[in-house]
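**Student:** Fold the following and give me the result.
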Amino acid sequence: MKSSIFSYLTDIYNNFVSDFRSNMTYKFYKYQGTGNDFIIFDGINHAFPNLGSEEIAQLCDRRFGIGADGLMIIMPSDDYDFYMLYYNSDGHESTMCGNGGRCIAHLALMNDICEENT
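**Tutor:** Okay, the predicted model is just below:
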(Lines give C-alpha, C1' and ligand atoms only; values in the text may rest on other atoms or scores of the structure.)
Protein backbone atom coordinates (compact mmCIF):
# COMPACT_ATOMS: atom_id res chain seq x y z
CA MET A 1 0.00 0.00 0.00
CA LYS A 2 1.23 3.47 -0.86
CA SER A 3 1.94 5.81 1.99
CA SER A 4 -0.46 8.65 2.46
CA ILE A 5 0.46 12.16 1.41
CA PHE A 6 -1.76 13.51 4.16
CA SER A 7 -1.52 13.84 7.90
CA TYR A 8 -4.56 14.42 10.08
CA LEU A 9 -5.14 16.46 13.19
CA THR A 10 -8.50 16.19 14.85
CA ASP A 11 -9.89 17.22 18.18
CA ILE A 12 -13.35 18.01 19.41
CA TYR A 13 -13.28 21.52 17.93
CA ASN A 14 -11.08 21.41 14.84
CA ASN A 15 -10.27 19.04 12.00
CA PHE A 16 -7.36 19.67 9.68
CA VAL A 17 -5.75 17.73 6.86
CA SER A 18 -2.19 18.59 5.88
CA ASP A 19 -0.98 18.00 2.34
CA PHE A 20 2.76 17.24 2.35
CA ARG A 21 3.03 18.13 -1.38
CA SER A 22 2.10 21.76 -0.89
CA ASN A 23 2.83 22.14 2.83
CA MET A 24 -0.74 23.44 3.24
CA THR A 25 -3.27 22.68 5.95
CA TYR A 26 -6.99 22.55 5.15
CA LYS A 27 -9.99 22.63 7.48
CA PHE A 28 -12.55 19.89 7.07
CA TYR A 29 -15.71 18.81 8.86
CA LYS A 30 -16.73 15.27 9.76
CA TYR A 31 -20.49 14.68 9.74
CA GLN A 32 -22.70 11.62 10.10
CA GLY A 33 -26.28 11.29 8.98
CA THR A 34 -28.37 8.20 9.73
CA GLY A 35 -25.30 5.98 9.91
CA ASN A 36 -23.38 7.35 6.93
CA ASP A 37 -20.37 9.55 7.63
CA PHE A 38 -18.78 12.18 5.43
CA ILE A 39 -15.74 14.39 5.11
CA ILE A 40 -16.85 17.88 4.09
CA PHE A 41 -14.76 20.81 2.87
CA ASP A 42 -16.26 24.31 2.80
CA GLY A 43 -15.13 25.55 -0.60
CA ILE A 44 -16.86 28.90 -0.15
CA ASN A 45 -15.30 30.21 3.07
CA HIS A 46 -12.06 28.17 3.19
CA ALA A 47 -9.40 26.86 0.85
CA PHE A 48 -9.67 23.18 0.00
CA PRO A 49 -7.15 20.82 -1.55
CA ASN A 50 -7.19 19.92 -5.24
CA LEU A 51 -7.92 16.21 -4.88
CA GLY A 52 -7.86 13.40 -7.40
CA SER A 53 -9.79 10.15 -7.02
CA GLU A 54 -6.80 8.40 -5.42
CA GLU A 55 -6.43 11.11 -2.75
CA ILE A 56 -10.16 11.08 -2.01
CA ALA A 57 -10.07 7.30 -1.61
CA GLN A 58 -7.08 7.69 0.78
CA LEU A 59 -8.94 10.22 2.90
CA CYS A 60 -12.05 8.00 3.03
CA ASP A 61 -10.07 4.86 3.92
CA ARG A 62 -11.14 3.72 7.40
CA ARG A 63 -7.82 2.13 8.33
CA PHE A 64 -5.27 4.56 6.91
CA GLY A 65 -7.25 7.76 6.37
CA ILE A 66 -9.89 9.80 8.13
CA GLY A 67 -12.56 7.28 7.20
CA ALA A 68 -15.87 8.11 5.55
CA ASP A 69 -18.59 6.87 3.22
CA GLY A 70 -17.98 9.87 0.99
CA LEU A 71 -16.40 13.28 0.60
CA MET A 72 -18.29 16.46 -0.21
CA ILE A 73 -17.29 20.02 -1.07
CA ILE A 74 -19.62 23.01 -0.67
CA MET A 75 -19.12 24.98 -3.86
CA PRO A 76 -20.42 28.42 -4.89
CA SER A 77 -23.35 28.55 -7.29
CA ASP A 78 -24.78 31.37 -9.39
CA ASP A 79 -28.28 29.90 -9.21
CA TYR A 80 -28.55 28.50 -5.66
CA ASP A 81 -27.14 29.10 -2.18
CA PHE A 82 -24.45 26.48 -2.86
CA TYR A 83 -23.59 23.47 -4.99
CA MET A 84 -22.79 20.06 -3.47
CA LEU A 85 -19.86 18.27 -5.11
CA TYR A 86 -20.07 14.63 -3.95
CA TYR A 87 -17.55 11.78 -4.21
CA ASN A 88 -18.07 8.17 -3.16
CA SER A 89 -15.47 6.60 -0.86
CA ASP A 90 -13.73 5.04 -3.90
CA GLY A 91 -12.92 8.58 -5.06
CA HIS A 92 -15.30 8.76 -8.00
CA GLU A 93 -17.72 11.64 -8.40
CA SER A 94 -21.37 10.82 -7.98
CA THR A 95 -24.59 12.76 -8.37
CA MET A 96 -26.36 12.66 -5.02
CA CYS A 97 -26.48 11.16 -1.56
CA GLY A 98 -29.58 11.81 0.55
CA ASN A 99 -27.85 11.50 3.92
CA GLY A 100 -24.93 13.54 2.62
CA GLY A 101 -27.35 16.22 1.43
CA ARG A 102 -28.78 16.51 4.94
CA CYS A 103 -25.29 16.87 6.41
CA ILE A 104 -24.04 19.44 3.93
CA ALA A 105 -27.25 21.48 4.27
CA HIS A 106 -26.73 21.62 8.04
CA LEU A 107 -23.10 22.70 7.60
CA ALA A 108 -24.14 25.37 5.10
CA LEU A 109 -26.70 26.68 7.59
CA MET A 110 -24.15 26.71 10.46
CA ASN A 111 -21.60 28.56 8.28
CA ASP A 112 -24.15 31.18 7.11
CA ILE A 113 -23.98 29.99 3.51
CA CYS A 114 -27.76 29.62 3.38
CA GLU A 115 -30.76 30.60 5.45
CA GLU A 116 -32.97 28.27 7.46
CA ASN A 117 -35.79 28.38 4.90
CA THR A 118 -33.67 28.03 1.79
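
**Student:** give me the low-pLDDT residue ranges for the chain?
**Tutor:** 1-14, 18-23, 118 (pLDDT under 70).

**Student:** could you pull out the helices for it?
**Tutor:** For the chain, the helices defined by DSSP state H cover 53-60, 98-110.

**Student:** Out of those helices, flag the one nearest D79.
**Tutor:** Among the helices of the chain, helix 98-110 comes nearest to D79, with 14.9 Å by C-beta to C-beta. Backbone N, C-alpha and C define where each C-beta goes, glycine included.

**Student:** quick one: S94 and N88 touch, right?
**Tutor:** Yes - the criterion here is C-beta atoms under 8 Å, and S94 meets it with N88 at 5.1 Å.

**Student:** Pick out whichever of the two has more residues nearby.
**Tutor:** Legend: neighbour count by other C-beta atoms under 10 Å for S94 and N88, higher for N88 (18 against 12).

**Student:** now the more buried one, which residues is it bridged with?
**Tutor:** Here N88 sits in beta bridges with G70, as judged by DSSP bridges.

**Student:** residues contacting it?
**Tutor:** Contacts for N88 (C-beta atoms under 8 Å, 6 or more residues apart in numbering) come out as 69-70, 94.

**Student:** which one of those residues is nearest C114?
**Tutor:** Relative to C114, the closest of the contacts of N88 is G70; by C-beta to C-beta it sits at 20.3 Å.

**Student:** give me the number of residues near that closest one?
**Tutor:** G70: 22 neighbours (other C-beta under 10 Å).

**Student:** likewise D61?
**Tutor:** A count of nearby residues for D61, using other C-beta under 10 Å, gives 15.

**Student:** Quick check: it vs G33, distance?
**Tutor:** To G33, D61 is 20 Å away according to C-beta to C-beta, to the nearest Å.
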